[in-house]
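[1] Whatever this is, show me its structure:
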Amino acid sequence: MHMPSRHPLPVLVHPPTSLKVSGLRVIMDQRGWPRAAIAEGPYATDQGRLALFVASEFEEPQLVPRTKSGVEWLHFAGARLDLNRSGAQTMSGTPLFGPDPPDLMLDGNPPVSVELAQFTNSERRHVLSLLRGVRKAIVAAPLARFAHLTGQLVLIGFEDPRGLPPKLRDEEAIDEVLRGLDKAVAAPVPRLPSENTAPDGFTVQMVNAVLGEGSTACFPLPVLPNSDLAAQRGFDVAAALTLIVRAQDTENELARLTDIHDSTNSDILLISAGAPGRTDGFALVADEIAVEPWIMKTVKMPEPKHLKRILLHRWSHGDVYELFPKYHELAPPRVHGGGPMTVPIAELPASIWHEHCPCGSSKAFQDCHGARAR
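    All right, here's what the predicted structure looks like:
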């Protein structure tokens, strides 16, 4: 049976400078909405190494534990699950919270101490957090005002000179964004949701937009995300702002994380990329792309003074690598491919939440340090 093609996905690129783009990829959620649109190309001032140009990012917030140690253990459990899937015994042993440092102790002979860190881009997380003011204003508006956007993901380019969403207290700028939404032209929504659940079958419409002029574009969603805005207004929004991630940035962040966690009390540093953040619950898939093997092979690996091993886990892709003492793959990725590709957010099995809490309380993790924010 012939399946109808999807509406073109608009990708608003706001280059802060002249960019040479050699590739573009769209990463989809399995429910059919775009998690990220990422261009790539050589960056002249970084020895010509490939850089990522993240044009848009749209993530569904995950419920995470309220405590720092609870989130860290969740990150550990995700990596251990993927290591076990590949038959690696790197994280075997019963985990218990450590004195910080280390974050965790694994029983054994001898015991192994593990530090946890998250590889992420604070600038991109800041952009996503700024959208809260816009979301709050949309929910407070009359119900009928944005009815024309039902079923849409609205990509917004903001009028700020840097392209940033307005701050929560900047009511005038937020009102200007809402006026732009009034004029946004919705894309046709399929009559049957099942028509559009496939992650492929659409073209990409790349628009070289002017930074700071403000612009909107719509993409119909076959299934709405589990967000408060989608539940209350039937559509959602994403920031269209091109942020550059160079190989040098990846190199610097890995060196920074290694330096602050390089302790005589710790044997292993486990770095999670794309794992849900503690304060926002966002699992940013672009973080995982920034540490892809083809980028990592151009990066100078960190060399600690005290740590015996450094491991890197990509949350949604599911692959695990040893960065130190020698870069190599410990667990293969669960997903492969280029172009429009489906990378579902990793969901940990219920057994993770039902295990005894690593604090030693004998309570289930979900009822102790794993109690989730609402």
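
[2] all contacts plus neighbour counts: C-alpha atoms, from now on.
    Will do.

[3] pLDDT weak spots in the protein?
    Applying pLDDT under 70 to the chain flags residues 1-5, 16-17, 190-201, 212, 337-340, 373-374.

[4] if you set the cut-off to 50 instead, what comes out?
    The model of the chain has pLDDT under 50 over residues 1-3, 192-198, 374.

[5] Outline the domain layout of it.
    Using automatic domain parsing, the domain parsing of the chain gives 9-59+122-245, 68-120+247-367.

[6] Export those domains to JSON lines and append columns for mean neighbour count.
    Below are the domains of the chain laid out as JSON lines (neighbours: other Cα atoms under 10 Å):
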{"stretch": "domain 9-59+122-245", "mean neighbour count": "18"}
{"stretch": "domain 68-120+247-367", "mean neighbour count": "19"}
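
[7] Just list the residues touching the residue lying farthest from the centre of the chain, thanks.
    Seen from the C-alpha centroid of the chain, the residue lying at the greatest distance (Cα atoms, centre = their mean) is N109, 36.6 Å away. By Cα atoms under 8 Å, 6 or more residues apart in numbering, no residues touch N109.

[8] Then it would be within a strand, right?
    No: assigned with DSSP: H, G, I helix; E, B strand; the rest coil, N109 falls outside any strand and is coil.

[9] if I read this right, A79 contacts S316, doesn't it?
    No: using Cα atoms under 8 Å, A79 is not in contact with S316, being 10.4 Å away.

[10] and the closest residue to A184 other than its chain neighbours, helix, strand or coil?
    Closest residue to A184 apart from its sequence neighbours, by Cα to Cα, 6 or more residues apart in numbering: T216 at 6.1 Å. Judged by three-state DSSP, the three-state class of T216 is strand.

[11] Show me what T216 bridges to in the sheet.
    I156 (DSSP bridges).

[12] residues touching it, list them.
    Per Cα under 8 Å, 6+ apart, neighbours of T216: 154-157, 180-181, 184.

[13] measure the residue farthest from the centre of the chain to L52 for me?
    43 Å (Cα to Cα, to the nearest Å).

[14] Helix, strand, or coil at L12?
    strand.

[15] Wait, it touches A240, no?
    Yes: with contacts counted by Cα under 8 Å, L12 reaches A240, the gap being 6.0 Å.

[16] got the contact list for the spatially most central residue of the chain?
    Taking Cα atoms, centre = their mean, the centroid of the chain lies closest to L284, which sits 0.4 Å from it. Counting by Cα under 8 Å, 6+ apart, L284 makes contact with 57, 59, 120, 274-276.

[17] For E115, which residues are in contact?
    101-104, 261, 266-270.

[18] repeat that for 7 Å
    The contact partners of E115, by Cα atoms under 7 Å, 6 or more residues apart in numbering, come to 101-104, 261, 266, 268-270.

[19] Make sure it is indeed in a helix.
    No: counting by three-state DSSP, E115 is located in no helix; its state is strand.

[20] gap between it and Q89?
    Taking Cα to Cα, one finds E115 at 17 Å from Q89.

[21] for G41, phi and psi?
    phi 180, psi 170 (degrees, to the nearest 10).

[22] Return the residues in contact with it.
    Per Cα under 7 Å, 6+ apart, neighbours of G41: 20-23, 50-52.

[23] cool, and L164?
    Neighbouring residues of L164 by Cα under 7 Å, 6+ apart: 127, 158.

[24] separation between it and D280?
    L164 is 18 Å from D280, by Cα to Cα.

[25] Ok, L241 next?
    On the measure of Cα to Cα, L241 and D280 end up 19 Å apart.

[26] do the same with A240
    19 Å.

[27] Where does H313 sit: helix, strand or coil?
    Relying on three-state DSSP, one would call H313 strand.

[28] is the closest residue to it other than its chain neighbours in a bridge, and if so with what?
    Among residues not flanking H313 along the chain, V320 sits closest, at 4.4 Å (Cα to Cα, 6+ apart). For V320, the beta-bridge partners are H313, A331 (DSSP bridges).

[29] One more: the one 4 residues further on?
    Applying DSSP bridges to F324 gives these bridge partners: I310.

[30] Now for it: which residues touch it?
    303, 309-310.

[31] Ok, D280 next?
    So D280 contacts P61 (Cα under 7 Å, 6+ apart).

[32] Dump the contacts of E115 into JSON lines; add distance to P349 and secondary structure as well.
    Formatted as JSON lines, those follow (distance: Cα to Cα, whole Å; DSSP: H, G, I helix; E, B strand; the rest coil):
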{"residue": "P101", "distance to P349": "28", "secondary structure": "coil"}
{"residue": "P102", "distance to P349": "26", "secondary structure": "coil"}
{"residue": "D103", "distance to P349": "22", "secondary structure": "coil"}
{"residue": "L104", "distance to P349": "21", "secondary structure": "strand"}
{"residue": "H261", "distance to P349": "29", "secondary structure": "helix"}
{"residue": "S266", "distance to P349": "28", "secondary structure": "coil"}
{"residue": "I268", "distance to P349": "25", "secondary structure": "strand"}
{"residue": "L269", "distance to P349": "24", "secondary structure": "strand"}
{"residue": "L270", "distance to P349": "20", "secondary structure": "strand"}
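
[33] mind putting those in a markdown table, distance to R124 included?
    Output for the contacts of E115, formatted as a markdown table (distance: Cα to Cα, whole Å):
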| residue | distance to R124 |
| --- | --- |
| P101 | 28 |
| P102 | 28 |
| D103 | 26 |
| L104 | 29 |
| H261 | 23 |
| S266 | 30 |
| I268 | 28 |
| L269 | 24 |
| L270 | 22 |
